[in-house]
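Visitor: predicted model and sequence follow; I will ask about them next.
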Amino acid sequence: MSYKLNWLNNLASSQIKHNLGAGVPPMNLYPEFSPGKTYGFEQTASNDRSLSYHSTAGFIKDVAAKVLIENEGLDFDSENIVITNGVQESIALTVACFRNRTLACIDPSYPGFEDAVSAFGCNILKIPTDNWLVSLEKLPEGSLFYLSTDFSNPLGYSLSLEERLQLTALATKNKFYIFDDATYRPFNLDP
């Protein structure tokens, strides 16, 4: 099956000037990126939320708030919701907000998370897959724990309901944050 994916490797290694597959769009089309300055996203001490790095117009944030309450049981003020253009952008913004704190993930983890941590010059705490819940007991308050609870990339593992409950109880008790990369959640057909 690897021959079917080889075109991705060729695309990524191509020396074409404007190659989105290799992460080389025409950079002169984009403003200079300076985290925490140009776009104004930061973590505030007063209310501990991320400020939107740009203004989202229209009713999309109201719709997102309704979806969160109906599907997840999470009640958020729509003004506190940040809309991004995909999970990788969300990861980068989140890492920028937590760059002075402990950033942790299960090892191995999604390369996009590890790349974002590296791009912001942060250190990453890689937690082994065996006894990973026990390892989280040592996370300092205010840390960020990244994982994908449904069909994680690259492991393909999904957390059981019991593991999810243990994780949220542990995060609440030890006051750390969870970034659940729910990219593949729609494929979870279990009740």
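Guide: Structure received. Residues are numbered from 1 along each chain as shown.
Visitor: so which residues of this structure form strands?
Guide: 103-107, 124-128, 144-147, 177-180 (DSSP state E).
Visitor: looking at those, which is buried most?
Guide: strand 144-147 (a mean of 23; mean count of other CB atoms under 10 Å). For glycine as for every other residue, the C-beta is placed from the backbone atoms N, C-alpha and C.
Visitor: please name the strands paired to that strand in the sheet, noting orientation.
Guide: Sheet partners assigned to strand 144-147 using DSSP bridges are listed as strand 103-107 (parallel), strand 177-180 (parallel).
Visitor: thinking again about what came up before, turn the strands of the chain into a markdown table, columns for distance to Gln88 and mean pLDDT.
Guide: Below are the strands of the chain laid out as a markdown table (distance: least, CB to CB, whole Å; pLDDT from 0 to 100):
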| stretch | distance to Gln88 | mean pLDDT |
| --- | --- | --- |
| strand 103-107 | 15 | 94 |
| strand 124-128 | 16 | 94 |
| strand 144-147 | 12 | 96 |
| strand 177-180 | 12 | 94 |
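Visitor: and of these, who's closest to Glu72?
Guide: Nearest of the strands of the chain to Glu72, taken as CB to CB: strand 177-180 at 10.2 Å.
Visitor: send the alpha carbons of that closest one over as CSV?
Guide: The C-alpha trace of strand 177-180 is given here as CSV (Å, rounded to 0.1, in the frame of the first residue of the first chain):
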residue,chain,number,x,y,z
TYR,A,177,-5.7,21.6,30.4
ILE,A,178,-6.6,19.0,27.8
PHE,A,179,-6.4,19.6,24.0
ASP,A,180,-8.5,16.8,22.4
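Visitor: please, where are all the helices along the chain?
Guide: Ranges of helices in the chain, per DSSP state H, are 2-13, 60-67, 87-97, 111-119, 132-135, 161-174.
Visitor: mind checking pLDDT for Ser158?
Guide: Confidence at Ser158, expressed as pLDDT, is 88.
Visitor: so in this protein, where's the weakest helix or strand by average pLDDT?
Guide: helix 2-13 (a mean of 46; mean pLDDT, DSSP states H and E).
Visitor: that older thread, could the helices of the chain go into a markdown table alongside distance to Asp150?
Guide: Shown next, in a markdown table, are the helices of the chain (distance: least, CB to CB, whole Å):
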| stretch | distance to Asp150 |
| --- | --- |
| helix 2-13 | 22 |
| helix 60-67 | 17 |
| helix 87-97 | 13 |
| helix 111-119 | 16 |
| helix 132-135 | 16 |
| helix 161-174 | 10 |
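Visitor: out of the ones you listed, which is closest to Thr183?
Guide: Here helix 87-97 is closest among those (CB to CB), at 5.3 Å.
Visitor: could you tell me the angle between that closest one and strand 124-128?
Guide: On the basis of axes from the mean of the first three to the mean of the last three CA atoms, to 10 degrees, helix 87-97 is oriented at 120 degrees to strand 124-128.
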